[in-house]
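A.B. asks: Have a look at this prediction, sequence included:
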Amino acid sequence: MLAMLPIALLALGVPAALASAPNPARIEIDLVFPQAKTTYNNMTGPPVVFALQNAPTATFFEYTISWEINGDRPAFFAAGSFASDSWEEQFNYTAGDVGILADSTYWGEKIEAGEYTLSWEYSTTTCTDKGDSVLIRTGNVRTGSVKFTIVDDGNGADELFSGCPQYLGAITAKDPKDSCPELVPGEDGKPDPCQAKMNEKQIACLKSYFKGKTDMNACAAAFDDIKPGDKVEWQYAKEARKAGRHAGDDTPVESGFGSSGSSSSSGSSTSDNTSADTSKGDDEKTANTEESIAVVVRPGLSVLAIVIAGIVLY
């Protein structure tokens, strides 16, 4: 069950970063790796990298991006999440208004040849002004999945982070200055994932990060919130350097990837995701989701908060 929204959230201030965003009302979710209908070579500790356009506004509204990878053949499971209040614990850095969110499966996990599905959910709190009341929802506002393939014959893609990301979905708020946004139904704007394309320095930073040997010169030059002297190295870097292998051979970890510490395990698993109906092609879905709801009623000058937690179909 998602945590219920504190009513005090409505009193939050507006960050100055919103004023510089090119379209402060729209947040776009893109996927750098893995992308749909793409074939990759097998690897140790596969990365999961999202790009979040208009990241300052998304952080201001607060969000959680949850992901999981399930293997169709062979059985495989890994999961993780990003949250707007955990930037100091993960590789979540911005360049302009684009945030790069990088995670991985557990450091020793190998992803073998087969077919896989990455499922994702974008959750935030939204408000709907009904005149005499405000309906506050906390839950998924965008969900979807992408299928990709892993091969062991070396014919997969070698470049994992170059090129334009894949568009996953977007939300548009009526007023970006509201701490609890009211979304514009059906108004996602024109997809523009190439605005989140990573440059050479960003790619070099990310590759070195997953190897456990972060190139701080590249990282400081690539992202606004990494400064010279910072240490950007994930928790399992030393273990990954010792245990990491690519395609099961003796190649050192530089050819594979490590992990930022998300939980994963081989073997079959069942997802507890709720069912979803397709709303944008095969990838993005609007979910029947578990939510927390608060209804703030305004009878005259008094304010009464009624909180209901449960499963909401919308």
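C.D. replies: Right, received. Where do you want to start?
A.B. asks: What count of nearby residues applies to Asp175?
C.D. replies: Counted with other C-beta atoms under 10 Å, the neighbours of Asp175 add up to 9. Just so you know, the C-beta spots here come from the backbone N, C-alpha and C atoms, and that holds for glycine as well.
A.B. asks: That one against Ala25, yeah?
C.D. replies: Yes: under the criterion of C-beta atoms under 8 Å, Asp175 lies in contact with Ala25, with a separation of 7.3 Å.
A.B. asks: Okay, strands next: where are they in the stretch 101-250 of the chain?
C.D. replies: Secondary structure of the stretch 101-250 of the chain (DSSP state E, counting those that start in this stretch): strands located at 110-111, 114-129, 133-151, 166-172.
A.B. asks: I'd like the ones you listed as JSON lines, with mean neighbour count and distance to Glu200 appended.
C.D. replies: As requested, the strands of the stretch 101-250 of the chain are exported to JSON lines (neighbours: other C-beta atoms under 10 Å; distance: least, C-beta to C-beta, whole Å):
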{"stretch": "strand 110-111", "mean neighbour count": "22", "distance to Glu200": "26"}
{"stretch": "strand 114-129", "mean neighbour count": "20", "distance to Glu200": "25"}
{"stretch": "strand 133-151", "mean neighbour count": "20", "distance to Glu200": "24"}
{"stretch": "strand 166-172", "mean neighbour count": "22", "distance to Glu200": "20"}
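A.B. asks: Now tabulate these in CSV and tack on distance to Phe60 and mean pLDDT.
C.D. replies: CSV is the format used below for the strands of the stretch 101-250 of the chain (distance: least, C-beta to C-beta, whole Å; pLDDT from 0 to 100):
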stretch, distance to Phe60, mean pLDDT
strand 110-111, 35, 83
strand 114-129, 10, 95
strand 133-151, 15, 94
strand 166-172, 13, 96
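A.B. asks: okay if I get the ones you listed as JSON lines plus distance to Ile100?
C.D. replies: Shown next, in JSON lines, are these (distance: least, C-beta to C-beta, whole Å):
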{"stretch": "strand 110-111", "distance to Ile100": "21"}
{"stretch": "strand 114-129", "distance to Ile100": "15"}
{"stretch": "strand 133-151", "distance to Ile100": "18"}
{"stretch": "strand 166-172", "distance to Ile100": "14"}
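A.B. asks: who wins for proximity to Ala51 among these?
C.D. replies: The closest of those to Ala51 is strand 166-172. By C-beta to C-beta, the value is 9.4 Å.
A.B. asks: For that closest one, output the C-alpha coordinates as PDB.
C.D. replies: Extracted in PDB, the C-alpha atoms of strand 166-172 (Å, rounded to 0.1, in the frame of the first residue of the first chain):
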ATOM      1  CA  GLN A 166      13.000   5.600 -26.400                       C
ATOM      2  CA  TYR A 167       9.900   7.700 -25.500                       C
ATOM      3  CA  LEU A 168       7.900   6.000 -22.700                       C
ATOM      4  CA  GLY A 169       5.300   8.600 -21.700                       C
ATOM      5  CA  ALA A 170       4.700  12.100 -20.300                       C
ATOM      6  CA  ILE A 171       2.400  14.100 -18.000                       C
ATOM      7  CA  THR A 172       1.400  17.700 -18.300                       C
END
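A.B. asks: just checking, what packs against that strand?
C.D. replies: Other elements packing on strand 166-172 under the criterion 3 or more C-beta pairs under 8 Å, 6 or more residues apart in numbering; DSSP states H and E are strand 26-33, strand 114-129, strand 133-151.
A.B. asks: ok, 7 Å please
C.D. replies: Applying 3 or more C-beta pairs under 7 Å, 6 or more residues apart in numbering; DSSP states H and E, we find strand 166-172 packed against strand 26-33, strand 133-151.
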